[in-house]
Each structure stands twice: as structure tokens, then as C-alpha cells.
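>>> 3D, please:
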Amino acid sequence: MIRQGRSFSGRERNCVFLNTRSGEAGGSRFANISAVSGLDFPDDARAMVPVDWDHDGDLDVWVSNRNAPRIRFLRNESPTGNRSLQLRLIGNGSDTNRDAVGARVTIELESPGAGDAAPRQLIKTVRAGEGFISQPSRWLHFGLGDSPEISRVVVEWPNSDLATEEFIVPGESGRLILEQGTGQPRSADDGRQDLAVSPSQLELPPAQSAQRIPMVTPVPAPWLGRIGFDGRPEAMELDSQHVTLVNLWSTTCAPCLQELSEFAQRADELKRANIRILALSIDGLENDRPEAISEAEQMVKRLNLPFDTGMAPAAVIEQLRRLHNLVIRMELPLALPTSFLINREGHIDVIYKGPVSVETLLADSVAADRTMLERISRAAAFDGTVIDSDVINSPTMAAGVHFAIAREMLGMSRTKDALSAYQSALKYAPDSALVHNDLGVLHLQLGSVVAAIDHFQQAVDHDPDDIGMRINLARGLTAAKKLDDARRELERAIAKAPENAEAYFNLGLVHLQANEVESAKANYQRALERHPNHSRAHFYLGSLLVREGKQEQAKNHFQSALKSEPTEAVIWASLGDIYYREEDYEAAEHHFRNAVKFRPDNADGHYRLGMVLSQLNRYVEARREFEATLQIDSGHTRARAALQQTMRALGQ
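Now for the predicted structure:
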């Protein structure tokens, strides 16, 4: 829902309710004081933390929001003479944690009158988390109001004995530290402190159709290319001398045409600043208007555009859309015009939604090394205070950003950029088991088995309890034919997680590579006992049963595999082979056609389909399949022989 631009809150204002402590007999217990509280902002608020930030005895509030401003500080200036007591607990560090999380504090107030009336109690617990995505201050704040003196303070420590300890606390307000085992508080009251933030009235920028979005962390630009107005594709290489603006436009978009006209009129300025423009028309992208290309070409001529133009390839648009969504987190179609400014390092540095002026382009094209805080400030929509904290500047935060970019690059089949992003993540978090594991998987896919094993081993060293990473290490060792080592890792995985089907399946692969067929079958069966829909276990077991001539059993396993993997061409082809041997050519044709459908670049699939069609005496169709086989693999000798035989059957 959020990725579609909607809000959980429905644009309602923040609400504040006052507990009136009304009796059960009548009246509402809570009163809505939102309007008078000063907290009723129309923010999409998420987390709230009350804390005496300025040490003046009352609670102030920090609020974080999903929209702007990302964080608000609300200072409590209520003019009351009430008292408060703030306590910070410290555990002994042996049988109680130093932060005393879990400790329970009871304050007893003296009875206001004579007699045997029980003292009023105030009770609070030190918590590690409080509310939604919030963590409270370790200071416990007790509002005393105009209550009488404190008679005693009792702490129940969170150790195995739940030992209690009484502290002698003076009657006045203040900030005290209670350390376990001392029985005596010590003062921490350093008086009212100055704030690092100053009050201000937020002035929201006026609503507008154009937005400039600088990247906090620039992301690698995609492959760039265009389709000429003559229909021929052409790649566009980036270089370190130029900044490149990729501009998406349409002949039906008036702001697009106005923007392009300004670019054309000031082309000399852009050229002197080493700014290249690639203006790609999206007209006719859906192939529903054949005349769109001609209309775009005529518009380029009419505007006399002196820079690179053409039609937008669908692949370029899709990659730009995915990178836009990675940054903006909105799964919406790209608006027009939208432009992407690519810096000299080949990374998208700024996204412009709506028209962008030449002045803005000239300013943004100037290269500058910026700190993380400077990049955050540059990306803000309005002025404010940037919080310089270890969290923002932490290596973990930076590693997480590069890790997210790496996974997006993988999803776009951009292996080189994914490797680079993973390496960047590893610089910030060299001990991250997750990054090492992903790098191992990627290297294994690329055939770099030694590098894969190295990363898998480091992943296991940093997180020895993660079964998936240990299985991946075994996969790498199997690929390197280190079967004994692979078997040991899988046996360790099974000892830790005896119900893990993937461990048994991979152990089956190790036995199969060692030509221990019965052991392989037994482990595939164990995998299926734990995960009946494990498609690869079904497929490999079916393949072994085919070798043994147990066609019906094999067929059942292949069909089970297809239920989980209905687009896996090799499973369709394996079933097609069985039906072909059974001379059920119609069923074989159906399965081979699906194999070709899901893997059109597989030469053997076309060859097998051609053989089935020959058996059905459909020689014209068979010839097409044999020709398709040879187009993919010109050295496919069986297809060449079958084609010659088919041509003779056709009398050619």
C-alpha cells in the first residue's frame, strides 16, 4: 500500500488522549485533547518517544514520521509547578544486565492524611522497547504532581532470585542514579540543559508537479541505448568526461516539448559544461500506434534538437523504472517528463520528475565529494537540522544500502554492478555473513568456484548456526569435487537441523557425483519426506528411476516436480522423452512444445520436437524445428541429418 503512494493513517492528524480517571459509574475515561496539546500535526507519524530532553522535570516528545518532516522534537513548556522524579538504574553486570532491562521500580508516597490509609504506589519497569518501532530512554520518569513526600523506593532486580532492594530517596524532585547493591542513590541532576535544536515553524514547499530528487547513495546507471527512427538499435556508452541526462518524453506531453525546446536553445551552454542529453521518446512503446515513430521523428525535426534522440527501448525503460523504485519506493509508472542525471562515474546522481531547468542541470553537473551528512542535507526537501549520529554514519547503515543495491542489480541481471555493490558492502561490513553468502552464490553462478568457497567459508565462520550458508558451502565444495568435505558440511547441517530437506537433497547430489546411486536415491527420498513438494528432489529421483527403466515411477516424480516448477523446461523435456519412448507422440509433442516455450534458445528442445513431428508425418513443421535447432547450434549433427531426411520426405 505504501509503495503505491498511499498512507496507513489516511491523512488524519495525530491524536492525544488524557486519562481523566473517571469513575466506573459515568463519563468517558479518556478525553481527546489533541487540539490543545500541540501534537495534532497532519503527519504520517510512526514512533513516539517521551523523554525529559532538556532536564527541566517534564516530558518532551520525539516523533518520527514516514513523510516530512522525518522527525519532530516537541518541547514541553506547560507552566506547572508539579514535581517529578527521574531514576536511572544500573545493574551489577553479573546476574543483572548493566542497563537493568526488566527491573521493576515501585515508589510509595506518604498518605496525605492521618490514619491507616495505604500509601499510593507508582510503578514502572525498565523496558528495551516501548510502543511501535520505538525504544524508550533508560530514565524512568515519575510524575509526582503535588503529592506528599516519598516514603520509600523499592527496586525488584531482574535476576534469577528477583531480589528486591530499597533505596533511601530524598523528597525533592530530581534525577537520581540507583546502582544495584548500594542502597543509596547518587545525584545526576546537572540542571536544565540547552537544546541542540532551535524552535522553528515548518514551511512546507508549495505543491508542484516538478521534483528534484538527489541521491543519498548514487546507484549504477543501466545499459543505455536507443532505437533510431529507422528502426535500428544503437548502444550509447558512458564516459568519464561527460555528465549524461537521460530524458523521457512524448509528443503528447506539452511540458516535455517545452523542456526539450529549452535544452535546444541552450545547447551550447550544456556542451561547454560537458552535459550530454539522450532524449528518448516513449511513444509507441506498447506497439499500439505504428505511426508513433514517425510522429516522434517529425517532432525532433520541428524542435531542431541538436543532441542524441530516438525511441526508448523497453529494456532501458524497465531498468530505469526499477532503479527509480529502488530509490523512491513507489511502484508507479514513470511520469512524463522524467529525467535521470548520470554522473561521470556512471551512477545516477539525481532524478527529475517533471521539467528540469538548464540552471538546475548546470548546478547539479558540478562534481563534488560530499560526506554522508552533506548528501542527506542535499536530498532534503526543505531546510532543517541534520542529526550527526553514529547511526547515520555507521558502517552497518552504509553496508545495508550497498547490499540492497547489489540485490537489485542481480534482479536486473547486471552481474558486474552487483559484484561491485557487494564489494562496497563488504568494505563497510567485512564480517557480514549475509554479504559473504550472497557473493558466494554469485561467484558459483559465474563458475568462480574457488572464490565461491572462500566467501561461503567466511559466511559460515561468521554465522556457524545458519544452515543455509553451510549448505551453500557444501554446494561449492561439491562443484570443486571436494566430496568428502562437502559430505562433512552437510552432515553437520543435518545434525543441527535434522528436518532440513535441502541438506538431504544436497547430500544426495554428493552421493550421485560419487556414483553412489542408492545412497543418492535414499537422500532424495529423505528430502521428500520432509518437503513433499521439493521439485528438484522429485526431478533427480525421477531421472535415476528412468535409468533403471522404472518409467511410471519416474513419470510420477516429474509430474510432481512440474506442480512446483511449471515453467522448468528440462522437466517438460524429460517427460517428453518418456512419452516418446512409449510412442505416445501426441503427449510427447505437448511436452516438448512446452519445453521449447520456456527455453526457446535450447537447441536440443527444438530437435526433439522435430523428431516427434517427423513421427507424426508433419514434415513441414519438423523442418522448421530442425532449422531452428541449427540456427541455435550450427554444429548439431543429428539435427542436420534429420533435416536432410525430412527434406527427402518432402521431395526436396
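
>>> any idea which helix or strand carries Pro222?
Remark: Pro222 resides in no helix or strand, with elements defined by DSSP states H and E.

>>> Look up the closest residue to it, ignoring the ones flanking it.
Closest residue to Pro222 apart from its sequence neighbours, by CB to CB, 6 or more residues apart in numbering: Gln319 at 3.6 Å. To be clear about C-beta, it is placed using only N, CA and C from the backbone, and glycine gets the same treatment.

>>> what helices or strands is the helix or strand hosting the one you found leaning on?
Gln319 belongs to helix 314-328 when assigned by DSSP H and E. For helix 314-328, the elements it packs on are strand 211-220, strand 224-227, strand 243-249, strand 338-342, strand 347-353, helix 395-411, judged by 3 or more CB pairs under 8 Å, 6 or more residues apart in numbering; DSSP states H and E.

>>> how much space between the residue nearest to Pro222 and Pro313?
10 Å (CB to CB, to the nearest Å).

>>> can I assume Phe41 is in contact with Arg13?
Yes. Look at Phe41 against Arg13 with CB atoms under 8 Å: they come within range, at 6.5 Å.

>>> can I get the helices and strands packed on helix 314-328 in a markdown table with mean pLDDT?
Below are these laid out as a markdown table (pLDDT from 0 to 100):
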| stretch | mean pLDDT |
| --- | --- |
| strand 211-220 | 88 |
| strand 224-227 | 90 |
| strand 243-249 | 96 |
| strand 338-342 | 95 |
| strand 347-353 | 93 |
| helix 395-411 | 89 |
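
>>> how about Arg138, what does it touch?
By CB atoms under 8 Å, 6 or more residues apart in numbering, the contact set of Arg138 is 88-89, 99-100, 126.

>>> So for it, what's the pLDDT?
Predicted confidence (pLDDT) for Arg138: 90.

>>> thinking again about what came up before, in TSV: the contacts of Arg138, plus pLDDT.
Output for the contacts of Arg138, formatted as TSV (pLDDT from 0 to 100):
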residue	pLDDT
Arg88	94
Leu89	96
Asp99	94
Ala100	95
Val126	94
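
>>> Going through the residues you listed, which ones are buried?
Buried members of those, counted by 16 or more other CB atoms under 10 Å: 88-89, 100, 126.

>>> just to revisit the earlier point, which one of the helices and strands packed on helix 314-328 lies closest to Ser377?
Of all the helices and strands packed on helix 314-328, it is strand 211-220 that lies closest to Ser377, at 9.8 Å by CB to CB.

>>> Name the residues that touch that closest one?
Strand 211-220 is contacted from outside by 323, 326-328, 343, 345-354, 356, 360, 364, 372, 375-376, 378-379, 398, 401-402, 405, 408-409, 414, 417, 420-421, using CB under 8 Å, 6+ apart.

>>> For stretch 242-259, buried residues please.
242-251, 253, 256-257, 259.

>>> Quick check: of these, which lies closest to Val517?
Val246 (55.4 Å).

>>> where's the closest residue to the closest one other than its chain neighbours relative to Ala429, distance?
Nearest residue to Val246, sequence neighbours excluded (CB to CB, 6+ apart): Phe340, at 4.6 Å. Here the criterion is CB to CB. By it, Phe340 lies 28 Å from Ala429.

>>> Could you pull up the residues touching the closest residue to Asp466 other than its chain neighbours?
Nearest non-adjacent residue to Asp466, counting by CB to CB, 6+ apart: Ala433, 6.5 Å away. The neighbours of Ala433, taking CB under 8 Å, 6+ apart as the test, are 458-460, 462-463, 466, 469.

>>> how close does Ala433 sit to Phe403?
12 Å.

>>> just Ala380 next, same as before
Where Phe403 is concerned, Ala380 sits at a distance of 24 Å (CB to CB).

>>> Which one of the two is surrounded by more residues?
Phe403 (21 against 14; other CB atoms under 10 Å).

>>> how much space between that one and Ile348?
For Phe403, the distance to Ile348 - CB to CB - is 18 Å.

>>> next one: Ile107
Ile107 is 57 Å from Ile348, where distance means CB to CB.

>>> List the buried residues of the helix or strand bottoming out on mean pLDDT in the chain.
The helix or strand of the chain with the poorest confidence is helix 372-379; it has a mean of 79 (mean pLDDT, DSSP states H and E). Buried positions in helix 372-379, judged by neighbour count with 16+ other CB under 10 Å: 372, 375-377.

>>> Nearest to Ile494 among the residues you listed?
Once CB to CB is applied, the member of these that ends up nearest Ile494 is Met372, at 44.2 Å.

>>> what's the closest non-adjacent residue to that closest one?
Met372 sits nearest to Asn393 (CB to CB, 6+ apart), 5.7 Å away.

>>> Report how many residues lie close to the one you found.
Neighbours of Asn393 (other CB under 10 Å): 12.

>>> what about it, which helix or strand?
Of the helices and strands defined by DSSP H and E, none includes Asn393.

>>> What of Arg470?
helix 467-479.

>>> And for Glu165?
Counting by DSSP H and E, Glu165 is found in strand 164-167.
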